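Enquirer: only geometry, no sequence info:
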C-alpha cells in the first residue's frame, strides 16, 4: 500500500501525523548526539541538519502547492507545511501587515515544553542558537532578502509566559541576499531533491493548491485527494532530507563507526514512535495485515518512489518486508542504507509498536533486495531503549483537535496604501 491507495478521509487524518513525525526526528536523535558530543555541539548538528534540508524541501513544497510568490504570506504558507512547524504541536499564529511585513507567535511550542525541564541552557540552545540561523534558512527559500527576528523568546520570564515566543518577519529589497552554506547547495544535488512524485489532479473536487489566500489553519479534509497524496509524499521526503542533513552533520564529527551508531539510534527511535502514532491515528489492526500496511505507510520508508519498500502479510502470523538495495534512497546513502541483516532494530521497533508479539525471525539479501521475515511469537518483546528515549517528548501523546473552517488572514494594512 502507498499513500496513493488511501482514502481522502484517511489521508486527511494521516497528514498532520506525518508533519508531527518529522518534528519528532530530533527528539529521537539529539539525545544521543548530546551523549556523544555535548550540548553545544548538539546545537551545531541541529543547525547544520535543518539548514541543509529546509531550503530544499521548502522549494519543493512551493512548487507542488503553487506558492509562486516571494512575499511574507507565501513564506507563512510554506511554514504551515513544514515538519519544523507541525500544526497545533508547534502552534504558529500568523499576522500579515503587508507583503513585506508580518509576525507570528507560538501559542503552544511543543519543542519548548520538551526541553524546559532540562534547564535554561538547553532552552537557550534551541530558542536562540538553533533558531536564529535555521529560521532564516527557511525564510530564504521564499525570499533571500527575508529575515525572521525575535521580539521575545524563552527562557520564559515569568515561567508561565504565553505566547511562548514572538517573531517579526520582514522583507527589505535593499538588503544583501542571505547566502546559504555549501552543504545546502550539496543537498540540492541529491536524488531526493529532484525526485518526481505523484501529480495533482486540478480537476478533482476540493482544494488542489495553495495559490489563494493564506489561512489561519489548514483543514486537510477540504483538500482534493490527489493534493493530499502529493503533500503526504512531500512530507515523507522532508523526513528523508532532514535525515541526510543529520547524517552529514554527524559525519563531520566522528568516524564511520560513530556515524553508524548515532544514525541507527535516531532511526530506531523515530521508527517506533512514528509507528505507534500512525497506527493509532488510522486505527490499523494489530494483525499481520495491519503490520504490513503500517510498514508501507511509515514516513521513514516513504515516499514509495524514493525507498521502494514492499510489505505483505502471509496468513495471520507472518509478514515479509522487502527493501530494495538500489534506487534513490540508496544513491543518497540515506536512512535505508543503515539497515542490513545484522542491523534490524528500526524494523523491530515498528513491529513492536504494532504488537510486542511481532518478532523478526530472519533476514537476508537476495537478488538485490533485503528480505525480512516477521512472525507472531509466543513471548512479548519489550520496547527498545531508543524508542523510550524518544517518548520523553510531549509529541508522543499529543492530540490534534478540530479547529473548524479555516479563515483567511487579511493584511492589516492593504498593499499599496
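Expert: Perfect, I can see it now. Remember, predicted model here, so these are calculated numbers, not experimental data.

Enquirer: ok, the closest residue to residue 315 other than its chain neighbours - contacts?
Expert: Nearest residue to residue 315, sequence neighbours excluded (CB to CB, 6 or more residues apart in numbering): residue 288, at 6.8 Å. Heads up, the C-betas are built off the backbone N, CA and C, glycines and all. For residue 288, the contacting residues are 313-319, 376, by CB atoms under 8 Å, 6 or more residues apart in numbering.

Enquirer: For residue 288, what are phi and psi?
Expert: Phi and psi for residue 288, reported as degrees, to the nearest 10, are phi -60, psi -40.

Enquirer: now stretch 290-299: mean pLDDT?
Expert: The pLDDT scores in stretch 290-299 average 98.

Enquirer: Please report the distance of the residue nearest to residue 315 from residue 254.
Expert: 39 Å (CB to CB, to the nearest Å).

Enquirer: And for residue 244?
Expert: 16 Å.

Enquirer: neighbour count winner among the two?
Expert: Remark: of residue 244 and residue 254, residue 244 carries more neighbours, 25 against 14, as counted by other CB atoms under 10 Å.

Enquirer: how about the more buried one, what does it touch?
Expert: Listed by CB under 8 Å, 6+ apart, the contact set of residue 244 reads 52-53, 187, 190, 192, 332-334.

Enquirer: which of the residues you listed are buried?
Expert: 52-53, 187, 190, 192, 332, 334 (16 or more other CB atoms under 10 Å).

Enquirer: Which of the residues you listed fall in helices?
Expert: Here DSSP state H is the test, and the buried ones among the contacts of residue 244 give 52-53, 187 as lying in helices.

Enquirer: Out of these, which comes closest to residue 214?
Expert: residue 53 (23.6 Å; CB to CB).

Enquirer: Around the nearest residue to residue 383 once chain neighbours are set aside, count how many other residues there are.
Expert: Nearest non-adjacent residue to residue 383, counting by CB to CB, 6+ apart: residue 352, 5.8 Å away. For residue 352, the tally of surrounding residues (other CB under 10 Å) stands at 24.

Enquirer: Determine the three-state secondary structure at residue 352.
Expert: With DSSP: H, G, I helix; E, B strand; the rest coil as the basis, residue 352 sits in helix.

Enquirer: Residue 9 now?
Expert: Here residue 9 is helix, with the state taken from three-state DSSP.

Enquirer: Can you give me the neighbour number for it?
Expert: By other CB under 10 Å, 12 other residues sit near residue 9.

Enquirer: Could you tell me the phi and psi values at the residue nearest to it when sequence neighbours are not counted?
Expert: Distances taken as CB to CB, 6+ apart put residue 221 closest to residue 9, at 7.2 Å, once the chain neighbours are dropped. For residue 221, the backbone dihedrals (degrees, to the nearest 10) come out as phi -70, psi -20.

Enquirer: residues contacting residue 221?
Expert: By CB under 8 Å, 6+ apart, the neighbours of residue 221 are 8-9, 12.

Enquirer: Please list the residues outside the lowest-mean-pLDDT helix or strand in the chain that contact it.
Expert: The helix or strand of the chain with the poorest confidence is helix 131-139; it has a mean of 91 (mean pLDDT, DSSP states H and E). Residues from elsewhere that reach helix 131-139 (CB under 8 Å, 6+ apart): 46-47, 50-51, 54-55, 58, 75, 78-79, 82, 84, 146-148, 150, 153, 167, 169, 178, 180, 184.

Enquirer: next SSE after that helix?
Expert: Next in sequence after helix 131-139, counting helices and strands by DSSP states H and E, comes strand 146-152.

Enquirer: Run the chain-centre distance for that following strand.
Expert: 23 Å (CA atoms, centre = their mean, to the nearest Å).

Enquirer: how about the least confident helix or strand of the chain: buried residues?
Expert: Across helix 131-139, burial judged by 16+ other CB under 10 Å covers 131, 133-139.

Enquirer: same thing with stretch 341-354?
Expert: 344-354.

Enquirer: How many residues are close by the nearest residue to residue 204 once chain neighbours are set aside?
Expert: Once flanking residues are discounted, residue 204 sits nearest to residue 224: 3.9 Å by CB to CB, 6+ apart. Counted with other CB under 10 Å, the neighbours of residue 224 add up to 19.

Enquirer: residues in contact with residue 224?
Expert: Here residue 224 is in contact with 8, 200-202, 204-208 (CB under 8 Å, 6+ apart).

Enquirer: Try it again at 7 Å.
Expert: Residue 224 sits next to 201, 204-208 when contact means CB atoms under 7 Å, 6 or more residues apart in numbering.

Enquirer: mind giving me CSV with those residues and columns for secondary structure?
Expert: Compiled in CSV, the contacts of residue 224 are given as follows (three-state DSSP):
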residue, secondary structure
201, coil
204, coil
205, coil
206, coil
207, strand
208, coil
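
Enquirer: just the ones in helices among the buried ones among the contacts of residue 244 now: which is nearest residue 395?
Expert: residue 53 (18.7 Å).

Enquirer: any idea how far the closest one lies from residue 319?
Expert: 31 Å.

Enquirer: so where do the helices sit in the stretch 151-300 of the chain?
Expert: Using DSSP state H, counting those that start in this stretch, the helices found in the stretch 151-300 of the chain span residues 182-187, 225-251, 256-282, 288-297.
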